[in-house]
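A.B. asks: Sequence plus predicted model, see below.
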Amino acid sequence: MDSNYIEQAVLATLIQNPECYHEHSNKLCKQAFYNASHQLIFEAIVDRILEDDCDLVTVTQYLRNKNYIPSRMETSMVAQIGSMTIGYNNLGNYIEHLDRQTSRSKLCDLHSKISDMLSQDSEPSDIINEIESFSETYYKESDVSDGVAAATESFLNEIQTKDSKEKFFTGFAEVDRVLGGIDRSDLVIVAGVTSMGKTSFVLNAAHNMILSGKAVGIFSLEMTSPQLISRMCASDAKVELNKIRYKDFSERELGRLKESAKKITDSKLYIDSKASSLSQVAAKINKWVKVNKVEIVVIDYLQLVRGSKSGSREQEVASVVRHLKNIAKQHNIAIVALSQLSRKVDAREGNKTPQLGDLRESGEIEQAADTVIFLYRPDYYDIDKATEYIHETQVIVAKGRNSGTGKGNVMFIPKLTKFCDEIALS
């Protein structure tokens with residue numbers, strides 16, 4: 001059947017039976033019409049339907065007032081559409097035809113884009129990511145609402161479940177008390193100045209999560225996979241990292257290291273130390289989620305992820321942050337990204353407790369993140385109070401979209417690269 005006729009038939013049915021629009025609105029949009037004039041007429045019809053004043057006269061008048069199309073076209077095309085006699089029962093079939101037409105058009109656009117990328121010698125990972133992004137969004141675009149009934153049911157289930165499986169806990173009592181757990185689709189930023197222990201903190205939290213059965217993916221952009229595993233085993237087995245580095249451990253310590261390594265091997269931990277661009281990170285996350293059912297992703301660290309080079313460094317970081325938040329929402333996972341702080345913190349006189357304005361290179365980090373956590377050790381700036389073995393560390397939740405703000409304390413043991421609750425030291 002002629003597509004032009006079908007488009008006009010849909011428009012005629014909407015004019016003659018405005019009430020049917022709401023029944024099919026989830027599949028009807030301007031892009032469903034190939035003919036540009038039909039797109040304009042559809043916009044006019046929807047506007048009039050929403051104002052509860054839709055008929056041939058009001059639609060024509062709306063177009064004339066907006067000067068969307070020439071008068072000659074109004075008198076011919078709109079009149080022709082208005083005079084059509086269409087069976088209401090056929091509307092569903094016509095809309096399905098438009099839906100298939102729209103899908104083919106989108107696939108043609110994707111084909112052209114991929115062809116251009118191939119001719120420009122784009123990275124294979126970028127091309128694969130483009131295809132996977134199209135696949136992810138294709139099935140969601142028809143959902144014009146977020147599903148109020150489903151969201152309400154999810155809310156009721158959550159508040160009636162004492163131990164929600166949808167949250168992720170760091171394993172540190174005071175931190176989890178403040179956060180109330182990390183939610184799916186959250187972007188969490190963990191920030192601190194250099195040598196404050198950011199990597200150790202998130203690795204310890206990730207280790208706690210995998211031991212609880214969670215599937216965790218880690219992008220290690222500074223360390224190799226063996227180096228990362230070495231730190232996790234040292235922390236868990238309570239063996240000094242230098243002893244591992246120089247192979248100066250006892251048989252008993254070796255036994256503990258082997259036990260820790262086995263626990264990690266048997267867990268759902270996945271590591272990538274090669275991805276460096278945003279497209280590579282996105283492609284690997286997509287694979288982890290689909291194949292390995294990864295639920296939470298750690299990125300060490302944010303400023304090492306390469307984004308678009310079209311603007312300044314601040315704009316590049318902003319783009320990376322926004323994309324990471326979208327990825328978290330798209331896959332319904334949590335993403336924890338480490339971030340550096342500006343050097344002005346160390347130069348600041350008096351109180352050096354981190355503030356949101358200290359986030360390095362982009363205010364967009366604060367805006368896009370659901371949670372911003374700062375690590376702060378007072379003795380870092382007071383050598384007289386510092387100890388060689390144990391450092392009390394403040395975990396400051398400076399922004400908590402779902403939790404509010406607050407502060408918890410943990411203890412840091414640098415030689416073991418280990419964070420723990422104070423009670424665990426005994």
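C.D. replies: Yep, that arrived.

A.B. asks: Name the nearest residue to Asn286, sequence neighbours excluded.
C.D. replies: Take Asn286 and drop its neighbours on the chain: the residue closest to it by Cβ to Cβ, 6 or more residues apart in numbering is Glu132, 4.9 Å away. Every residue, glycine included, has its C-beta placed from N, CA and C.

A.B. asks: Distance check, Ser342 against Ser319.
C.D. replies: Here Ser342 is placed at a distance of 19 Å from Ser319 (Cβ to Cβ, to the nearest Å).

A.B. asks: which secondary structure element contains Asn204?
C.D. replies: Using DSSP states H and E, Asn204 sits within helix 198-211.

A.B. asks: what's in contact with the following helix or strand past that helix?
C.D. replies: In the C-terminal direction, the helix or strand that comes right after helix 198-211 (DSSP H and E) is strand 216-220. Contact with strand 216-220 is made by 203, 206, 209-210, 227-228, 268-273, 275, 281, 284-285, 288, 292, 294-300, 305, as judged by Cβ atoms under 8 Å, 6 or more residues apart in numbering.

A.B. asks: and if you look at stretch 278-290?
C.D. replies: Residues from elsewhere that reach stretch 278-290 (Cβ under 8 Å, 6+ apart): 123, 125-126, 128-129, 132-133, 136, 215, 217, 219, 270, 272, 274-275, 294, 297, 299, 305-308, 319-320, 323, 327, 331, 333.

A.B. asks: Of those residues, grab the buried ones for ChimeraX.
C.D. replies: A single ChimeraX command selects the buried members of the contacts of stretch 278-290 (16 or more other Cβ atoms under 10 Å):
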select :125,126,128,129,132,133,215,217,219,270,272,275,294,297,299,305,306,307,319,320,323,327,331,333
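
A.B. asks: Just the contacts of stretch 278-290: which are in helices?
C.D. replies: Ser125, Asp126, Ile128, Asn129, Glu132, Ser133, Glu136, Ser319, Val320, His323, Ile327, His331 (DSSP state H).

A.B. asks: And those residues, which is closest to Glu96?
C.D. replies: Proximity of the ones in helices among the contacts of stretch 278-290 to Glu96, judged by Cβ to Cβ, is greatest for Glu136, which lies at 22.7 Å.

A.B. asks: Show the average pLDDT along the helix or strand hosting Leu91.
C.D. replies: When secondary structure is defined by DSSP H and E, Leu91 falls within helix 91-119. Model confidence over helix 91-119 averages 85 on the pLDDT scale.

A.B. asks: helices or strands next to it in the packing?
C.D. replies: Here helix 91-119 is seen to pack against helix 3-16, helix 20-24, helix 124-138 when contacts are counted using 3 or more Cβ pairs under 8 Å, 6 or more residues apart in numbering; DSSP states H and E.

A.B. asks: For Thr85, find the nearest of those helices.
C.D. replies: Between Thr85 and those, the shortest separation by Cβ to Cβ is 8.1 Å, and it involves helix 3-16.

A.B. asks: so for the closest one, what's the average pLDDT?
C.D. replies: So the average pLDDT for helix 3-16 ends up being 86.

A.B. asks: Distance from it to the middle of the chain?
C.D. replies: Computed by Cα atoms, centre = their mean, to the nearest Å, the chain-centroid distance of helix 3-16 equals 39 Å.

A.B. asks: show me what contacts Leu91?
C.D. replies: For Leu91, counting by Cβ under 8 Å, 6+ apart, the contacting residues are Val10, Thr13, Asn17, Cys20, His24.
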